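Student: show me how the following folds:
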Amino acid sequence: MEIKERINEKVREIEAVIAEYLPDEAGYQRTVTEAMNYSIQAGGKRLRPMLMQETYRMLGGSERIVEPFMAAIEMIHTYSLVHDDLPAMDNDEYRRGRKTTHAVYGEAMAILAGDGLLNYAFETAIRAFELCTAGEDGGASGYRTAAAALKVLAEKAGIFGMIGGQTADILAESRGELAEEELLFIHEHKTAALIQASMMVGAILAGAPSETVQRIEKCAYDVGIAFQIQDDILDVTGDETVLGKPVGSDAKNSKQTYVTMHGLERSAEDVQRLSEEALRILDELGGDNEFLKGLVTQLIHREK
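Tutor: Coordinates of the predicted model:
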């Protein structure tokens, strides 16, 4: 229970950070900003900003420069969910126990809300440079680290990251068959890429050397793949009232997953293996990593 309580405390802390960066609901564009805020305030684990913040702290970061990036990564993640739920994609009407954005605001406004969240994420991340201008967070060196972090954020969210993974996923669905190599590509890019962005941005902003950032990238790959496999497992074994979304959607859509390819037992073993490797990397990096290790471990046993 202690780790769950600490995670809940961290979620509340992150919610306060995100709230500072939400767009105003005013003007002729008010409907789209309302839809954006509805989407991002739907709750969730806030896993990505949490991983970013804890990696930053583990590697010695202590300034506010990480906060715009924390809000930005959650906006990017949320936009991807808004678009995933659209009729042209997964056609889901519920997420996290309430109506999806397109079910409330209509398909066209949901598309615009997703677009708005993606663009506003970068408007938000760029505000980190304001902290450098104000003399906080390292001045000139802060500019360099913020620019390097922004580059990683853009790449991992784009066509060579999450969007590339989504593309491969859609094409695979249309074919109805999938090789293991392609499935891992999809998991690495569609899911793990934003987790990599989260932890790598935290490391970069903390001033970690490139070798450490590379180790963090590998750790985050393990966490991301394990997280996605666990998601596939929960789609088979989960409780819909706990998950806040329908179970069995993969089977309903005849979607090939890690579980359909390898079975539940092998899938659970691989979640364990990947998580243990991630923990080993964190141990090798040292620092105050107990909460971060507990967070990664919790992903193995999560129920939603």
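
Student: buried ones in the strand or helix carrying A110, by neighbour count?
Tutor: Element membership for A110 (DSSP states H and E) is helix 107-126. Neighbour counts over helix 107-126 (16 or more other CB atoms under 10 Å) mark 109-114, 116-118, 120-122, 124-125 as buried. In short, each C-beta sits where N, CA and C put it, glycine included.

Student: F185 and F129, how far apart?
Tutor: 34 Å (CB to CB, to the nearest Å).

Student: work out for me the element the most centrally placed residue in the chain sits within.
Tutor: Nearest to the mean C-alpha position of the chain, counting by CA atoms, centre = their mean, stands R48 at 4.3 Å. Using DSSP H and E, R48 falls within helix 47-58.

Student: alpha carbons only: can I get the helix or strand that F69 is a member of in CSV?
Tutor: In the assignment (DSSP H and E), F69 maps to helix 66-84. Extracted C-alpha coordinates of helix 66-84, given in CSV (Å, rounded to 0.1, in the frame of the first residue of the first chain):
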residue,chain,number,x,y,z
VAL,A,66,11.2,20.1,-15.9
GLU,A,67,7.6,21.2,-15.3
PRO,A,68,6.7,22.6,-18.7
PHE,A,69,8.0,19.3,-20.2
MET,A,70,5.9,17.3,-17.7
ALA,A,71,2.7,19.0,-18.9
ALA,A,72,3.8,18.7,-22.5
ILE,A,73,4.3,15.0,-22.4
GLU,A,74,0.9,14.5,-20.9
MET,A,75,-0.7,16.6,-23.6
ILE,A,76,1.0,14.6,-26.3
HIS,A,77,-0.1,11.3,-24.7
THR,A,78,-3.7,12.7,-24.3
TYR,A,79,-3.9,13.8,-27.9
SER,A,80,-2.9,10.3,-29.0
LEU,A,81,-5.7,8.8,-26.9
VAL,A,82,-8.3,11.3,-28.3
HIS,A,83,-7.3,10.3,-31.9
ASP,A,84,-7.1,6.6,-31.0
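
Student: quick one: it to helix 47-58, angle?
Tutor: 160 degrees (axes from the mean of the first three to the mean of the last three CA atoms, to 10 degrees).

Student: what about the nearest residue to T191 once chain neighbours are set aside, how many neighbours?
Tutor: The shortest distance from T191 to any non-neighbouring residue, by CB to CB, 6 or more residues apart in numbering, is to Q228 (4.1 Å). Neighbour count of Q228, defined by other CB atoms under 10 Å: 23.

Student: correct me if wrong: Q228 contacts H187.
Tutor: Yes: with contacts counted by CB atoms under 8 Å, Q228 reaches H187, the gap being 4.5 Å.

Student: name the residues contacting each of those two.
Tutor: Y258 (CB atoms under 8 Å, 6 or more residues apart in numbering).

Student: list the contacts of the residue nearest to the centre of the chain.
Tutor: Residues near R48 by CB under 8 Å, 6+ apart: I73, E74, H77, L194, I195, A197, S198.

Student: contacting residues around the third one?
Tutor: H77 is in contact with R48, L194, counting by CB under 8 Å, 6+ apart.

Student: and it, how far is that from I159?
Tutor: 17 Å.

Student: kind regards, and thank you for your time.
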